[in-house]
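>>> Task: produce atomic coordinates for the following.
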Amino acid sequence: MTLPERQLANAIRALAMDAVQAANSGHPGMPMGMADVATVLYSDYLKFDPADPKWADRDRFVLSAGHGSMLAYATLHLAGYARPTIDDIRSFRQLHSPCAGHPENFELEGIETTTGPLGQGLATAVGMAIAERHLNAIYGDDLVDHRTWVIAGDGCLMEGINHEAIGLAGHLGLGRLTVLWDDNNITIDGSTDLSTSEDIGARYAATGWHVESCDGHDPADIRRAIDAALADNRPSLIACRTIIGFGAPNKQGTSATHGAPLGADEIAAARKELGWTAEPFVIPADIASAWAAFGEKGKKLHAEWNHRLATSEKKSDFEARLSGKIVPGDAFKAYLDGLVAEPPKVATRKASENTLTALTADIASLVGGSADLTGSNNTKTSSTKPLTKNDYSGRYIYYGIREFGMAAAMNGMALHGGVVPYGGTFLVFADYCRAAIRLSALQQQRVVYVMTHDSIGLGEDGPTHQPIEHLQSLRAMPNLLVMRPADAVETAECWALALAQKSRPSLLALTRQNLPPLRHDVTENLCAKGGYRLRGASAARKVVLVATGSEVSLAIEVADKLEAAGHGADVISMVSTELFDEQSAAYQADVLPEDALIVSIEAGTTFGWERYTGRHGLRFGIDSFGASAPIEDLFMHFGLTADAIAPQILAKLGN
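Residues are numbered from 1 along each chain as shown. Below you'll find the predicted structure:
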């Protein structure tokens, strides 16, 4: 017997009501409102194999409205994934449950991306759609031929990142991307009339999207709208008019269902309204069987794909690409050797470009870009032709002035697999994309942020563009590897380290101004230690100078003055505090001995450096905003010169 689709959708509603009620916390309204849409998507359109959630050619499904996480957990369970189990769902929102309050990609297979910060899921999906088209251009339909689906709410479409994301998707013509908008006219505060009156469909159409609408509770109309989207070669928005909390007779259609349990009485009334007689957390056998059948179609498609892969001449290359393994090759080695033979005096942004020239020649999976600062970030190489809607095989994306959208898209590409993304902007604009950087770190994704113009060393552009607090605030972010190299050799080493990180993003802070060569040996990647002794003291050591980036050469000048006064001074290049903190206690004690005066020098805030200098050390930096002036004048004005620093150290030593 064929079951009515409403009953299949009611399984989602029941699990959402029960789990949120058991947790006494959560958002039942969206899963209940979008249950019919999700059921149609899983039954007729979504390509997936629950037995292999990592199948490379599966469709990607992103629940951008992550507060409605029970929709994702319910559909994964019903569709036959190993987890979440019904016991996992019972423990929704509890400590150590994989069913977290918002979906986490590292907790459950089948969750493609961590969502919850509204708008980022959709923007991340844009990156997934880019990766799919890029890999399709290389490997063809036989190996890469899937779609990206998004369920988004009103909040996702209101967030500023939505403007950036849909503009990029429309410009690139990402016709494999379909957004199902939960158009229920409700936010936490109440009706959307309280806060918005824009024509969202017109906004999407203006950015090059195809727009449809449907009754989100009518399966036939949902199918009509999806079929129309699939027939169009543009990205599609489908406005699914729904009733939030559908089935809860006294609360549906109101914000009361958005972010709180329905309550025992309303759940009882909803069960009666929906004709759902099963006990809490029980799915009737016939409904469970019907849902399980959805996954069987995907298993057949997966088997056919496996056959195509096995007989493809591109099999080895494809599998290597999807494995994510990266090994810099001959071009990179030759570049390192050249740095020793002819040490260059260059800005580290230029050193980064030179390094990338070698790396992108060696590594086809590197896909770069910049937020309209290509000539300043130095992120494009001869190996990276533009990726456009007419040629997705390109490896360089002109993101436009969309820092946040760029960062989220890079997360999507990394999550998709087969692409290692890097993107550039000014370090001060890390603030624009910080929320996406945080999700890179939370999701443990290999994304490389190329942040140039890293201090007052950028000069005349002034305090709006001069980072002060940025380095330390980024270092405070868990699982983000921040590296600030001091010369061309360190820059190359930092790139090698960034690409070796399989479970965390990296951020390279690079200079605008030229820096002298300091390292002349590449037999060992010393930056891997985070901080290392670049130059040891000649006289008896009294001082350890700890500096980063452009201030390492300054520290050497300071050390020369101290040595001339009879005080030995070590110079430590602290490329990455994160990597240094990961070293053994013995190594750290050797680099930063307790019997020496520890002095930090960085052209940014002094906040946080007391971790390394101690209370009685000295910290030289800038604890105010910058100023507009030539570089030399700025460093003199802020006291970041050897003539200004050395006397203060000598005074501390008692001379």
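
>>> what about the residue nearest to L481 when sequence neighbours are not counted, neighbour count?
Leaving aside its chain neighbours, L481 sits nearest to S506 (4.4 Å; criterion: C-beta to C-beta, 6 or more residues apart in numbering). Glycine gets a C-beta too; all of them are placed from N, C-alpha and C. The number of residues packed near S506 is 24, by other C-beta atoms under 10 Å.

>>> shouldn't S506 be in contact with V450?
No. If you go by C-beta atoms under 8 Å, S506 and V450 don't touch, sitting 9.5 Å apart.

>>> what about the stretch 551-655 of the chain, any weak spots by pLDDT?
655 (pLDDT under 70).

>>> what's the answer for the stretch 1-150 of the chain, then?
Those would be 1, if you go by pLDDT under 70 across the stretch 1-150 of the chain.

>>> if we go to 80?
Within the stretch 1-150 of the chain, the segments meeting pLDDT under 80 span 1-2.

>>> Could you verify that K54 is part of a strand?
No. Assignment of K54 by DSSP: H, G, I helix; E, B strand; the rest coil gives coil, placing it outside any strand.

>>> Could you measure from the nearest residue to it once chain neighbours are set aside over to P98?
In space, and not counting its chain neighbours, K54 is closest to E109: 6.7 Å by C-beta to C-beta, 6+ apart. Distance from E109 to P98, counting by C-beta to C-beta, to the nearest Å: 10 Å.

>>> Kindly report the same for I287.
23 Å.

>>> go on, I111?
Distance of I111 to P98, computed by C-beta to C-beta: 9 Å.

>>> Likewise for G530?
33 Å.

>>> between those two, who's got more neighbours?
G530 (24 against 20).

>>> Test my guess that the more buried one contacts I572.
No. If you go by C-beta under 8 Å, G530 and I572 don't touch, sitting 10.0 Å apart.

>>> that older thread, which SS state does the residue nearest to K54 fall under?
Once three-state DSSP is applied, E109 turns out coil.

>>> what's near enough to touch it?
Neighbouring residues of E109 by C-beta atoms under 8 Å, 6 or more residues apart in numbering: P53, K54, Y81, A82, R83.

>>> Spatially nearest residue to the third one (excluding sequence neighbours)?
Counting by C-beta to C-beta, 6+ apart, Y81 lies nearest to P50, which is 4.5 Å off, once chain neighbours are set aside.

>>> what about the strands in the stretch 451-600 of the chain?
481-483, 506-509, 514-515, 531-535, 541-547, 568-574, 597-601 (DSSP state E, counting those that start in this stretch).

>>> Note down every partner strand of the fifth one and its orientation.
The reference is to strand 541-547. In the sheet, strand 541-547 lines up against strand 568-574 (parallel), strand 597-601 (parallel) (DSSP bridges).

>>> Would you mind getting the angle between that strand and strand 531-535?
120 degrees (axes from the mean of the first three to the mean of the last three C-alpha atoms, to 10 degrees).

>>> Run through who's touching strand 541-547.
486, 531, 537, 554-555, 558-559, 562, 567-574, 591-593, 596-602, 609, 612-613, 649, 653.

>>> Pull out the buried members of these.
Among these, the ones that count as buried by 16 or more other C-beta atoms under 10 Å are 486, 531, 537, 554-555, 558-559, 562, 567-574, 591-592, 596-602, 609, 612-613, 649.

>>> So what does the one residue sitting closest to the centre of the chain look like in phi/psi?
Residue closest to the average C-alpha location in the chain (C-alpha atoms, centre = their mean): S440, at 3.0 Å. Phi and psi for S440, reported as degrees, to the nearest 10, are phi -60, psi -50.

>>> Run through the residues that contact it.
Counting by C-beta under 8 Å, 6+ apart, S440 has contacts A407, M410, N411, A414, V447, L480, P505.
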